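A.B. asks: sequence and predicted structure, then a few things I'm wondering about:
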Amino acid sequence: MISYKPLWKTLIDKDIKKTQLRDMAGFSSGTLSRLGKDQYVELKHIDRICQVLECGIADVIAVIPDSTSETQVTPK
């Protein structure tokens, strides 16, 4: 699961409102809504957010392991 909590912290640290980010990055209100609900957002939007905020991807998203999944990668 993807979480955008790091993005909200980054915005607070940079004193930027969500709607300001939307305008700066040039994405729709629908995309902003999906970010707020931790839903899928195209990578091009994440890339643009990183560019306008001058930050790394770790400052925007966090990957939360799915505790119900028991998928393991077996080395070859």
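C.D. replies: Cool, got the structure. The model shown is predicted, which means the values in this text are computed figures rather than measured ones.
A.B. asks: any regions of this structure where pLDDT drops low?
C.D. replies: 68-76 (pLDDT under 70).
A.B. asks: residue boundaries of the strands in it?
C.D. replies: 2-3, 62-63 (DSSP state E).
A.B. asks: and for the last one, what's in contact with it?
C.D. replies: This means strand 62-63. The contact list for strand 62-63 (Cβ atoms under 8 Å, 6 or more residues apart in numbering) reads 1-6. Where you see a C-beta, it was placed from the backbone N, CA and C, and this is true even at glycine.
A.B. asks: how many other residues sit next to Thr10?
C.D. replies: By other Cβ atoms under 10 Å, the residues close to Thr10 number 20.
A.B. asks: ok, it - contacts?
C.D. replies: 53, 55, 59-60.
A.B. asks: most neighbours of all those residues, which one?
C.D. replies: Of the contacts of Thr10, with other Cβ under 10 Å as the count, Val60 tops at 24 neighbours.
A.B. asks: list the contacts for that one?
C.D. replies: Contacts of Val60 by Cβ under 8 Å, 6+ apart are 4, 6-7, 10, 46, 49-50, 53.
A.B. asks: for the residue nearest to it when sequence neighbours are not counted, what are its contacts?
C.D. replies: The shortest distance from Val60 to any non-neighbouring residue, by Cβ to Cβ, 6 or more residues apart in numbering, is to Leu7 (4.6 Å). Contacts for Leu7 were tallied using Cβ under 8 Å, 6+ apart; they are 35, 49, 59-61.
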